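In: Task: produce atomic coordinates for the following.
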Amino acid sequence: MKSSMDEINLLRQHQRHQQHHLSVRGIGEEIDLEIDQCEDPTFSGAALEGVTCHHPQDPVVPADDHKSFLIPCSQPGAVDGQPQPTPPQAEERAGMLRLSAHTKKKKKKVVKKWRDEWADTYKWAYVAVHDNTSRIFCTVCKEYGRKHRRNPYGNEGSKNMQMSALEEHNNSLLHKEALRLQSASKEKVQTPEIERPVYVKALSKTAASILESLFKKDPHEAEFIQSIQEVVHSIEPVLVKNSQYVQILERLLEPERCFIFRVPWVDDRGEAHVNRGFRVQFSQALGPCRGGLRFHPSMNLSVAKFLAFEQTLKNALSLYKLGGAAGGSDFDPKGKSEIEVMRFCQSFMDELYRYLGPDQDFPAEDVGVGPRETGFLFGQYRRLSGHFQGNFTGPKIFWSGSSFRTEATGYGLVFFARVVLADMNKELKGLRCVISGSGKTAMHVLEKLLSCEAIPVTVSDSEGYLFDGDGFDYVKYTLIRNIKAQQRSLKEYLKTFPRAKYINDAKPWGEQCDIAFPCASQNEIDQGEALSIISSGCRVLIECSNMPCTGQAVDILRKAKVHVAPAKATAAGGVAVGELELNPEFSLMQWSVEDFENKIQEAVKQTYDRSMKAAQEYGILKENPESLVHGANISAFLNITQAMTDQGCV
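Out: The predicted structure is shown next:
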């Protein structure tokens, strides 16, 4: 206990006098580790050096069985190169260590690599540079020192031994004291303006000033800022040509209204929980709001505003008069019973119902909100409002519209891909397609690709992705659909088709393909994955989810001349059928499959032509791989701008 208290005192002294400037190394980089036999190292904030020592009572250990540690080699408490007074215990310890260093002259150096399997097991460990030397640090204790008994980069035996070392570290007094000091230091240090870095593109002076004001207003809303930045980048030619649009843009970028509310509910064990609910009605300039509800742990105000902004532009790009909205909750329906989901949905609607209505806002499905959740929400809305107005859009024909609703978005994505390929003198038949996700949209994309004789080879879930090199067919599609309906893992597919592969903790973008369909979530493709897409031979990317690429990934794809079809345009099929659902007579109409698909294809073709025409009017050539992205943003912005101008400053 006395030794541990000495370590804590040294730790506190280091926290007062010295700070490390650490440079984190990535996976695969080589590091130099110095191996010794000492099991219980302790060090302060002084410079670190590896030494080897022997204790007489220690048994003889084979030469290969070493353990790594770091100890101080300079005076503890040194500040700016000037020695400071040190406690007697620290001087005695330092003297023993120096003597130990002279006794053992040779140090055995080895070079190891940071490997994926070690990174997963030892999530608390990382490599950083201290005093021009690579060292191992704890994720929590990085500024204060660490106490690790085993070298996570060498061959240290079984996984149980590795995990026991992790547990030992987390339970050590030094680690707990580091947690306390870290928490105390956070109260004194000013929090940064942005928790997560936002990639900033080079913009004109006018456009940059608009983004700068957004950074000041909403510094923590990374997703919202990213989505606005992409649109502002596209409409720069419009702002340069007509300066009056600058003020209209500033008004547009501020949502008309945002609701944040508490959602209390009780689980099956009688325990009370509380979640946070959101609804952002971004713009009603073109008509009543329409947009999805998302139930997912990552849901926050930034995501709600970003989704509402994207939906506003989607609806503005169509021929229908609709505004844009989005919302949801950080509630996770996975693992919840049907009664628990019902209680949550009813509590959620208790607050939201007063802001909905046929002339105000129409909720729709999104991630985590399917037919079951939509039914519970509508039932509570009907009960509270006293009206059966069909204000929800979903798959139940008897209260909310078309039985084709769930297919419309997925089919529309494939039809849009056909239009893009036709303009490149290519056809979809025989092309290898990579799909991420396995939700409603992804499964309907897979189904329609099969009918177009394409070769889809992947789907994915939260644990990894499934790859079948022979391509999926209707039998395999039916199996995947049944697996997902029973909420089982895609790994079950391998029991029937063992030649396929399931890759854990990975995304499918490295698989060879001609077209990519990202259908999972926002920012699922980063820099590295964009490079993988290029290496795989893909030359067309059809955005299915909202904003699937980070800003850096977009730049990489553009430089590689990968043609990108934005989600604002590719969602034309879903928007078209969603508008038809709002027609009171639509539920009485008997539509054939051919009529349904023809309606979607017509909407897709009109959206594509309108986007390309807007791009060409502002000098963006058809050969530009981003022409469709810029054209869609310009066309949608001009439609909203005209409505806002006609209605005055409202």
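In: Buried residues in stretch 214-234, which are they?
Out: Residues 214, 218, 221-234 are the ones in stretch 214-234 that count as buried (16 or more other CB atoms under 10 Å). Bear in mind the C-beta positions are built from the backbone N, C-alpha and C, glycine included.
In: What helices and strands are in contact with the lengthiest strand in the chain?
Out: As assigned by DSSP state E, the longest strand anywhere in the chain is strand 272-283. Packing contacts for strand 272-283, counted by 3 or more CB pairs under 8 Å, 6 or more residues apart in numbering; DSSP states H and E, involve strand 257-266, strand 289-295, helix 301-317, strand 323-329, helix 338-352.
In: CA atoms only for the last one - export them in PDB, please.
Out: Think helix 338-352. The C-alpha trace of helix 338-352 is given here as PDB (Å, rounded to 0.1, in the frame of the first residue of the first chain):
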ATOM      1  CA  GLU A 338     -43.300  -5.400 -28.400                       C
ATOM      2  CA  ILE A 339     -45.000  -4.100 -25.300                       C
ATOM      3  CA  GLU A 340     -42.000  -1.900 -24.400                       C
ATOM      4  CA  VAL A 341     -41.900  -0.500 -27.900                       C
ATOM      5  CA  MET A 342     -45.600   0.200 -27.700                       C
ATOM      6  CA  ARG A 343     -45.200   2.100 -24.400                       C
ATOM      7  CA  PHE A 344     -42.300   4.100 -25.800                       C
ATOM      8  CA  CYS A 345     -44.200   5.100 -29.000                       C
ATOM      9  CA  GLN A 346     -47.200   6.100 -27.000                       C
ATOM     10  CA  SER A 347     -45.200   8.300 -24.700                       C
ATOM     11  CA  PHE A 348     -43.300   9.800 -27.700                       C
ATOM     12  CA  MET A 349     -46.600  10.700 -29.400                       C
ATOM     13  CA  ASP A 350     -48.100  12.200 -26.200                       C
ATOM     14  CA  GLU A 351     -45.800  15.100 -26.800                       C
ATOM     15  CA  LEU A 352     -45.400  15.200 -30.600                       C
END
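In: what helices or strands is that helix leaning on?
Out: The contact analysis (3+ CB pairs under 8 Å, 6+ apart) places helix 338-352 against strand 257-266, strand 272-283, strand 323-329, helix 371-385.
In: Which strands border the longest strand of the chain, and is each parallel or antiparallel?
Out: If you go by DSSP bridges, strand 272-283 pairs up with strand 257-266 (antiparallel), strand 323-329 (antiparallel).
In: Now do the buried residues in the shortest one.
Out: Judged by neighbour count (16+ other CB under 10 Å), strand 323-329 contains these buried residues: 323-329.
In: Put together TSV for those residues, with distance to E524 and pLDDT on each row.
Out: Output for the buried residues of strand 323-329, formatted as TSV (distance: CB to CB, whole Å; pLDDT from 0 to 100):
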residue	distance to E524	pLDDT
G323	27	92
G324	22	93
A325	23	95
A326	18	96
G327	21	96
G328	18	97
S329	21	97
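In: Please convert the residues you listed to a markdown table, extending it with distance to L531.
Out: As requested, the buried residues of strand 323-329 are arranged in a markdown table below (distance: CB to CB, whole Å):
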| residue | distance to L531 |
| --- | --- |
| G323 | 38 |
| G324 | 33 |
| A325 | 36 |
| A326 | 31 |
| G327 | 35 |
| G328 | 32 |
| S329 | 35 |
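In: related to what we said a few turns ago, now the strands paired with strand 272-283 in a markdown table, with distance to A442?
Out: A markdown table is the format used below for the strands paired with strand 272-283 (distance: least, CB to CB, whole Å):
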| stretch | distance to A442 |
| --- | --- |
| strand 257-266 | 28 |
| strand 323-329 | 19 |
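In: thinking again about what came up before, quick one: closest of the helices and strands packed on helix 338-352 to I525.
Out: Closest approach to I525 among the helices and strands packed on helix 338-352 is made by strand 323-329 (21.1 Å; CB to CB).
In: Next, the angle helix 301-317 makes with the closest one.
Out: Put simply, strand 323-329 runs at 150 degrees to helix 301-317, going by axes from the mean of the first three to the mean of the last three CA atoms, to 10 degrees.
In: Output strand 323-329 as PDB, nothing but the C-alphas.
Out: Written as PDB, here are the backbone C-alpha positions of strand 323-329 (Å, rounded to 0.1, in the frame of the first residue of the first chain):
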ATOM      1  CA  GLY A 323     -41.700  21.000 -47.100                       C
ATOM      2  CA  GLY A 324     -39.100  19.000 -45.200                       C
ATOM      3  CA  ALA A 325     -38.900  17.700 -41.600                       C
ATOM      4  CA  ALA A 326     -37.200  14.900 -39.600                       C
ATOM      5  CA  GLY A 327     -37.000  13.700 -36.100                       C
ATOM      6  CA  GLY A 328     -36.900  10.700 -33.800                       C
ATOM      7  CA  SER A 329     -35.300   9.600 -30.500                       C
END
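In: what's in contact with stretch 457-475?
Out: Residues outside stretch 457-475 that contact it (CB atoms under 8 Å, 6 or more residues apart in numbering): 432-438, 442-443, 446, 450, 455-456, 476, 480, 489-491, 493, 497, 499-508, 511, 513, 520.
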